[in-house]
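K.L.:
quick check, what structure comes out for this input:
(one chain, ligands or ions: 3)
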Amino acid sequence: MNSVDSLTGFLNRFGCFHTAMRLAAEATGNRQTFAVIWLDLDRFKQINESFGHLIGDEVIENLATRFRPCVSGRAEISRVGGDEFVLLAPGFDRTQALQFAAELADIVQEPLHIGSLTLRPTASIGIAIHEPNEDPLTLLERADHAMFAAKSKGGNNIICSGDEPIPGRLGVTLAREELSIESTLHEALETGGFCLHYQPIIHADGTVEAVEALMRCKLNGENISPMKFIPVAEKTGVIIRLGEFSLLQGAMHARTLHDAGHETKVAINVSRAQLVSPAFTQALHAALLCSNVSPNLIELELTESLFMDISDTVQQNLKEIIATGVSLSIDDFGTGYSCLASLKDIPAGKLKLDRAFVTVLPDDRRALSVVKAVTQLGHELGMTIVAEGCENQQQIDVLLEAGVDAIQGFFYAKPMPDSELLPWLKARSHKI
Ligand code: C2E
Ligand code: MG
Ligand code: MG
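P.N.:
Ligands and ions are numbered 1, 2, ... in the order given. Here you go, the predicted model:
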C-alpha cells in the first residue's frame with residue numbers, strides 16, 4: 001500500500017469506527033443488535049506480487065462493484081485496508097450475519113476475468129455481534145480477531161467471534177506472526193532461501209553413525225528458527241515443497257559423503273502432512289533416483305504425532321518406505337503422543353529420546369529412570385536408542401550407562417553447513 005492508500009485506509013477505519021459508534025448508540029436505545037463482518041482477501045499479497053499492483057487494484061474494484069447489489073440496503077461497507085472490507089449490518093443477529101458472510105464469500109469466489117487472466121480469490125471472514133453496552137472499538141477488534149482465526153485455519157473460512165480456537169489478544173498477535181512467517185516462506189522459496197545443516201549422531205563406539213539434516217531459512221540476512229517456520233509450513237501446506245527439498249538435498253548429500261568415502265547415513269525429518277499424502281513415496285523415489293544413493297544411507301525421522309492416527313495411507317507409505325530399503329526412526333520420543341500400543345506397529349529401527357529427558361540429567365533421577373525403561377523397551381522391540389540434545393560429558397556418561405546406543409548434541413557438534421561437514425568428518429576420523 002502506498003502512503004495515499006494507507007491514509008485512505010486510516011480514514012476509512014476512522015469512518016467505520018464512527019458508524020460503529022452510531023450503531024452502538026442506536027442499539028442501546030432500541031435494544032437492537034448489529035453485526036460487524038470483517039472480510040480480508042486471502043493471498044492478496046501474492047496476487048500483487050505475481051501480477052502487479054494494477055491487477056491487484058482491478059481485483060479490488062471488481063469485488064467492490066460485485067458487493068454493491070448484495071450489500072445495498074443491508075449494511076454499510078468500508079474498505080479499511082488494501083484488501084480488507086468491513087461491513088456494519090444493523091439488525092443482524094449471528095445466524096443472519098453468517099448467512100450474509102456466506103453470500104459475500106460466494107461473490108468473492110466467482111471467477112474474475114482480468115485481461116487474459118482468470119483469478120479465483122477467496123476470503124477470510126470474521127464476524128462479531130454487538131453485545132449490550134460493548135464499546136465499538138472492542139467490537140471491531142473482536143471481528144478482526146475472528147477474521148485472523150479464519151485466516152489461520154488456512155483461509156476461505158468464516159468464523160464468529162467466540163468460536164476462535166485461540167482466545168484473546170495473544171491469538172491476534174500469534175496469527176499476525178504466522179501470516180508474516182508464511183509470506184517469508186514463500187519469498188524464501190522463490191529466492192533460494194532454504195538450505196540444510198547437518199548435525200552428527202555419534203555411536204557409543206565413537207563412530208559417526210549418521211548426520212541429521214536440519215532445515216535453515218534465511219531471508220534478507222535474517223535467520224528464522226525451524227521451531228517457528230516448520231509449524232507454519234505444516235499449517236499452510238508449504239511443508240510439502242520444503243519436505244521434497246530436504247528429501248532431495250539430504251539424499252544428494254548422502255551421495256556426496258559416500259563418494260568421499262564416508263558411509264554415513266543422512267537422517268531427514270518428515271512431517272505428518274507429508275506422510276498422510278499418497279504422493280510421498282513418489283517424492284522419496286524421485287530423491288533416491290536423482291541422487292543415485294543407496295537407500296540404506298537414508299533414514300527418515302518421523303515424529304510421535306503420527307501415532308495419533310495411523311491412516312491407511314500412512315500405513316501404505318510406511319510399508320513402501322521400508323520396501324525401498326530406507327530406514328525409519330521415531331523422533332522426539334517421550335513428549336508427544338506416545339502410544340505404546342502403536343509403537344510396536346511402526347517399523348522403525350531407531351528411537352530418538354527427546355531432549356527434555358536429557359537436559360535435566362544427571363541430577364533428575366526420575367528422568368533417568370524413564371530413560372532406562374524406554375531404552376530397555378526399545379531394545380526389546382529391536383530398536384537402537386539415540387539421546388538428543390546432549391550438552392556435557394556427565395549427561396553422556398549417564399546415558400551410555402543407561403544403555404543408550406548413540407548421542408546427538410552440541411557437546412559433539414552443532415548443526416553445520418554442508419561445506420563444513422566433510423572437513424569435520426575427516427578431522428573426526430583421524431581422532432578415532
Ligand atoms: P529435531 O528433529 O528434534 O532436531 C533436533 C533439534 O535439536 C535441532 O533443532 C537441533 O539443532 C537441536 N539440538 C541438537 N542438539 C542440541 C543440544 O545439545 N542442545 C540444544 N539446545 N539443542 C540441540 P533445530 O535445527 O532448531 O530444529 C528444530 C526442529 O525443527 C527439529 O527438531 C525438527 O522437528 C524440525 N525440522 C528441522 N528441519 C526440518 C525439516 O527439514 N523437515 C521437517 N519436517 N522438520 C524439520
Ligand atoms: Mg529430527
Ligand atoms: Mg528430535
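K.L.:
and the end-to-end length of stretch 393-408?
P.N.:
End-to-end distance of stretch 393-408 (C-alpha to C-alpha, to the nearest Å): 12 Å.
K.L.:
so how far is it off the chain centroid?
P.N.:
32 Å (C-alpha atoms, centre = their mean, to the nearest Å).
K.L.:
and for that stretch, what's in contact with it?
P.N.:
Stretch 393-408 is contacted from outside by 199-204, 209-210, 212, 352-353, 358, 361-362, 368, 371-372, 375-376, 379, 384-390, 409, 411, using C-beta atoms under 8 Å, 6 or more residues apart in numbering. No exception for glycine: its C-beta is placed from N, CA and C like everyone else's.
K.L.:
any idea what the residue in the stretch 151-300 of the chain that ligand 2 sits nearest to is bridged to?
P.N.:
Going by C-beta to the ion, ligand 2 is nearest to residue 269 of the stretch 151-300 of the chain, at 4.5 Å. Using DSSP bridges, the bridge partners assigned to residue 269 are residue 301.
K.L.:
can you pull the contacts of the residue nearest to the spatial centre of the chain?
P.N.:
With distances taken as C-alpha atoms, centre = their mean, residue 232 lies nearest the centre of the chain, 2.2 Å away. Residues counted as contacts of residue 232 (C-beta under 8 Å, 6+ apart) are 178, 181, 182, 185, 238.
K.L.:
only the buried subset of those residues, as a PyMOL command please.
P.N.:
To isolate the buried subset of these in PyMOL, counting by 16 or more other C-beta atoms under 10 Å, use the following:
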select buried, resi 178+181+182+185+238
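K.L.:
give me the distance between residue 56 and residue 387.
P.N.:
Applying C-beta to C-beta, to the nearest Å, the value for residue 56 to residue 387 is 52 Å.
K.L.:
re the thing from before, give me the phi and psi angles of the residue nearest to the centre of the chain.
P.N.:
Phi and psi for residue 232, reported as degrees, to the nearest 10, are phi -70, psi -40.
K.L.:
can you pull the pLDDT of it?
P.N.:
If you check residue 232, the pLDDT there is 87.
K.L.:
who's in contact with the nearest residue to it once chain neighbours are set aside?
P.N.:
Using C-beta to C-beta, 6 or more residues apart in numbering and skipping the chain neighbours, the partner closest in space to residue 232 is residue 181 (4.4 Å). Residue 181 sits next to 224, 228, 229, 232 when contact means C-beta under 8 Å, 6+ apart.
K.L.:
what helix or strand is residue 181 on?
P.N.:
According to DSSP states H and E, residue 181 maps onto helix 168-191.
K.L.:
swap in residue 247?
P.N.:
helix 239-259.
K.L.:
tell me if that helix is near ligand 1.
P.N.:
Yes - judged by C-beta under 6 Å from any ligand atom, helix 239-259 comes into contact with ligand 1 at residue 246.
K.L.:
kindly report the same for stretch 215-228.
P.N.:
Yes - Stretch 215-228 lies within reach of ligand 1 by C-beta under 6 Å from any ligand atom, at 215, 225, 226, 227.
K.L.:
and those, which of them are buried?
P.N.:
215, 226.
K.L.:
ok, and of the residues of stretch 215-228 next to ligand 1, which contact ligand 3?
P.N.:
With the criterion set as C-beta under 5 Å from the ion, no member of those is near ligand 3.
K.L.:
rebuild the residues of stretch 215-228 next to ligand 1 as CSV, extending it with secondary structure.
P.N.:
Formatted as CSV, the residues of stretch 215-228 next to ligand 1 follow (DSSP: H, G, I helix; E, B strand; the rest coil):
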residue, secondary structure
215, strand
225, coil
226, helix
227, helix
